[in-house]
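>>> what would the 3D arrangement of this be:
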Amino acid sequence: MRSARRVPFIPALAAAAVLGLSGCGLGVTEASSGVSPSGVSVPSESGGATSAPATPSSTAEGTPPSSSAPASAGVATYTFPDGRLSFQHPADWRVDLFTGAGDPSLSGTATVFDASGTEQATVYYGQAADAVSHRVARTVFESEPVPGLSQQPAPAAHYSFYVDRMDGNPTYRMHLTAGAPPAGEDSRVDGIIRVGEKVLVADVRFIEKPFSSDEAARLWLEGAEGQALKALLLSMSYS
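Okay, the predicted model is just below:
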């Protein structure tokens, strides 16, 4: 099997903050670290984990609702603590947020669970991330630009669903890509989006071998789960 090539990515405006984190000895929690299906690893994070329900909560004293509030019937919106990055998800799903060190925290990973408690997607939003490049043969099923990220630096953020084959082994991926993912055989690095002074990595969390064939993948995309996850990625918005 061909070896991987790791490509670091640090926004110029955030470089000083990243260097400041390098000696902090951040703790690792299983729920908030690791490599995504897109081959993108994000920094391990320590600190508090908060769960954002899909419906607002309030008290007699007028406590404001959580950051995951209804946007329309059957849909809720999750907004990161800085109030700038948000996305939508089915109202009966939930979002848990794991934050990194610092006050305020410099990074966070939102993990999205469906109504049964199954992890469906992760959204990392922070100061630095890195990607792994492989030479693959790619078949693209779908790719569309994300309207809410259209004002961010090029290449434009896209929702993308495709399969990469390396040494004949398929890896199915649904995530945000920097530009439309090219088909064919070549080395690929395409999972990190610039948003302001931070970076964004958003991935659907597939099991190791989620589909028996490309046709099975296309049929899944047409179903309720596939459409819900596609809508989640396309709903990403930064202001």
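
>>> for the chain, give me the ranges with low pLDDT.
Low-confidence segments of the chain, defined by pLDDT under 70: 1-73, 102, 104, 131, 189-190.

>>> would you tell me which strand is longest in it?
With residue count as the measure and DSSP state E as the assignment, the chain has strand 129-145 as its longest strand.

>>> can you list the helices and strands that it packs against?
Judged by 3 or more C-beta pairs under 8 Å, 6 or more residues apart in numbering; DSSP states H and E, the packing partners of strand 129-145 are strand 5-9, strand 40-42, strand 157-166, strand 184-188, helix 214-222. Bear in mind the C-beta positions are built from the backbone N, C-alpha and C, glycine included.

>>> mind checking the ones you listed for the one nearest to Ala76?
Between Ala76 and the helices and strands packed on strand 129-145, the tightest spacing by C-beta to C-beta is seen for strand 157-166, at 19.0 Å.

>>> give the buried residues for the closest one.
Residues Ala157, His158, Tyr159, Ser160, Phe161, Tyr162, Val163, Asp164 are the ones in strand 157-166 that count as buried (16 or more other C-beta atoms under 10 Å).

>>> quickly run through the sheet partners of it, with directions.
Applying DSSP bridges, strand 157-166 is found paired with strand 129-145 (antiparallel), strand 169-178 (antiparallel).

>>> circling back: looking at the helices and strands packed on strand 129-145, which is closest to Ala128?
strand 5-9 (7.0 Å).

>>> show me the helices in this protein, by range?
15-21, 214-222, 224-234 (DSSP state H).
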